[in-house]
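Asks: Fold the following, please.
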Amino acid sequence: MLPEYYEFHNPVKIVSGKKALESIPGILFEHSVRNPMIVTGPHISKSKMMLKVNSALKAGKISADNIFSDIPQDSSFDTVKAASAFFERHACDSIVAIGGGSVIDTAKAANILISEKTDDLRKFAGLNSLKTPQKPLIVVPTTVGSGSEVTATAVVYDPEKKVKTVFSSPLMHPVAAVLDPRMTETLPQKLIASTAMDALTHAVESYTCVQKNPISDMYAYAAVNLIRRNLIPALKNEGEKEEVFALANASLFAGIAINNSAVGAVHALGHACGSVAHIPHGTAMGLLLPAVMEYNVRRVEEYYGELLLPFAGDDLFAQTPFNIRATRLINEVRKLQKTLNELCGFPLSLKDAGVQTSQLKEIAKLAVNDPTMMINPRDMSIEEAEKLLLKVF
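Replies: Have a look, this model is predicted:
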């Protein structure tokens with residue numbers, strides 16, 4: 001059934017495939033800029049991947065000298081301010097972000113400070129607070145999960161308030177997402193697993209949240225199918241280039257989906273777990289997903305049933321009676337968790353991931369006030385959130 005009203009918007013140019021990096025100079029020229037700040041993590045800045053980026057930029061007569069790489073696993077307001085100051089100090093005119101979610105979110109948030117000519121990031125938190133067009137931002141993802149290369153959202157840790165803060169505005173869209181298989185070919189098994197679970201969570205929440213629409217559904221459905229076909233083979237083949245790159249595309253599809261329909265309680269709880277216990281975002285997503293699906297199932301049973309087909313394949317879908325397909329999907333997600341644990345040590349509980357029992361109440365309180373909780377198909381109280389967390393603990 002079609003919704004009474006929906007909108008869909010994707011202004012991000014997508015370049016995906018062999019030698020995609022070589023397209024970056026041309027994209028910068030399209031926007032009349034040629035002195036980018038390169039935002040990346042400390043590991044990537046010293047890797048062979050960075051050499052490939054440098055080569056692509058210099059071949060196009062673009063400076064590759066202004067590299068800001070002092071970015072932790074979870075970016076913070078302090079990191080964003082430092083990146084903004086670096087941009088101004090080196091008279092940059094654009095940004096190329098190379099990395100995973102933390103790097104990309106740092107670049108987006110720094111762009112806010114740069115473009116709005118301010119050092120007060122906090123006043124732009126929430127939805128649609130930006131007034132000024134942003135500097136051209138090109139994103140080159142190096143993981144297979146965040147999808148941030150095609151979204152208008154960033155999440156940054158506020159150390160003063162001790163919460164992860166969401167920034168969202170159509171002005172925050174990157175001008176281009178560049179997916180090159182050379183940038184994901186050395187991804188470690190654990191990172192493939194955790195970031196792919198992030199992408200899977202994006203797809204499932206997009207397909208079932210209250211803002212879902214038929215176009216975002218198509219992207220979410222395609223993402224689930226790609227993850228099912230490629231995640232386990234990628235891990236068993238120790239990061240086979242073709243399979244990992246398929247997962248990178250799945251992440252992009254899921255990113256387009258959430259950019260137009262949003263996420264839900266898995267992300268609300270995951271943001272809170274990151275703020276309080278500092279566990280990696282993808283790990284939190286993978287741990288919490290089946291428990292939240294179980295919580296939501298009575299409201300979105302039909303949608304979960306539909307997703308059993310791309311997640312489990314034709315045979316299992318056909319063999320499963322209509323009235324238990326949703327439950328079967330949740331069970332299959334739990335099976336995937338166990339397989340990931342066997343293949344690469346993916347944790348099976350919040351405790352294994354480093355969360356303390358004493359932190360659960362604080363996590364629950366933060367989660368129910370997270371803006372993504374409003375999009376969840378079923379309301380959740382603090383007590384219900386804490387009870388759910390205990391199940392995963």
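
Asks: Spatially central residue for this structure, please.
Replies: residue 146 (2.0 Å; Cα atoms, centre = their mean).

Asks: For that residue, which non-adjacent residue is spatially closest?
Replies: residue 101 (3.4 Å; Cβ to Cβ, 6 or more residues apart in numbering). Where C-beta positions appear, they are placed from N, C-alpha and C, glycine not excepted.

Asks: again with residue 357
Replies: residue 393 (6.8 Å).

Asks: likewise residue 92?
Replies: residue 37 (4.1 Å).

Asks: before we move on, what about residue 283?
Replies: With Cβ to Cβ, 6+ apart, the residue lying closest to residue 283 is residue 194, at 4.9 Å.

Asks: and what of residue 332?
Replies: residue 312 (5.2 Å).

Asks: which regions of the protein sit below the pLDDT cut-off?
Replies: Applying pLDDT under 70 to the chain flags residues 238-240.

Asks: got the domain boundaries for it?
Replies: 13-183, 189-392 (automatic domain parsing).

Asks: Now tabulate these in JSON lines and tack on distance to residue 2.
Replies: Below are the domains of the chain laid out as JSON lines (distance: least, Cβ to Cβ, whole Å):
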{"stretch": "domain 13-183", "distance to residue 2": "24"}
{"stretch": "domain 189-392", "distance to residue 2": "6"}
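
Asks: Any idea which of those gets closest to residue 4?
Replies: Residue 4 lies closest, by Cβ to Cβ, to one member of these: domain 189-392, at 10.8 Å.

Asks: ok now the closest one, how far from the chain's centre?
Replies: 12 Å (Cα atoms, centre = their mean, to the nearest Å).

Asks: What of stretch 42-50?
Replies: Counting by Cα atoms, centre = their mean, stretch 42-50 comes out at 21 Å from the chain centroid.

Asks: how about that stretch: buried residues?
Replies: 44, 45, 47, 49, 50 (16 or more other Cβ atoms under 10 Å).

Asks: mind putting these in TSV, secondary structure included?
Replies: TSV is the format used below for these (DSSP: H, G, I helix; E, B strand; the rest coil):
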residue	secondary structure
44	helix
45	helix
47	coil
49	helix
50	helix
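
Asks: What is the nearest of these to residue 389?
Replies: Nearest member of these to residue 389, counting by Cβ to Cβ, is residue 44, at 33.1 Å.

Asks: residues in contact with the closest one?
Replies: By Cβ atoms under 8 Å, 6 or more residues apart in numbering, the residues touching residue 44 are 50, 69, 98, 99, 103, 142.

Asks: Select from those residues every entry located in helices.
Replies: 50, 103 (DSSP state H).

Asks: and residue 18, how many neighbours?
Replies: 10 (other Cβ atoms under 10 Å).

Asks: And residue 340, by the same measure?
Replies: Residue 340 has 24 nearby residues by other Cβ under 10 Å.

Asks: try residue 26
Replies: 12.

Asks: Name the helix or strand for it, please.
Replies: Residue 26 is part of helix 24-30 when elements are defined by DSSP states H and E.

Asks: Next: residue 155.
Replies: Assigned by DSSP H and E, residue 155 falls in strand 153-158.

Asks: for that strand, which positions count as buried?
Replies: 153, 154, 155, 156, 157, 158.

Asks: does the residue nearest to residue 271 when sequence neighbours are not counted sit in a helix, a strand or a coil?
Replies: In space, and not counting its chain neighbours, residue 271 is closest to residue 164: 4.5 Å by Cβ to Cβ, 6+ apart. Secondary structure, three-state DSSP: residue 164 is strand.

Asks: List the contacts of residue 164.
Replies: 74, 155, 156, 157, 158, 271, 272, 274, 275.

Asks: same deal with residue 370?
Replies: Counting by Cβ under 8 Å, 6+ apart, residue 370 has contacts 166, 267, 268, 271, 272.

Asks: CSV for these, including distance to residue 230?
Replies: As requested, these are exported to CSV (distance: Cβ to Cβ, whole Å):
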residue, distance to residue 230
166, 30
267, 23
268, 28
271, 27
272, 30
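
Asks: what's the farthest-apart pair in the residues you listed?
Replies: Maximum distance among the contacts of residue 370 (Cβ to Cβ): 12.2 Å, for 166 and 272.
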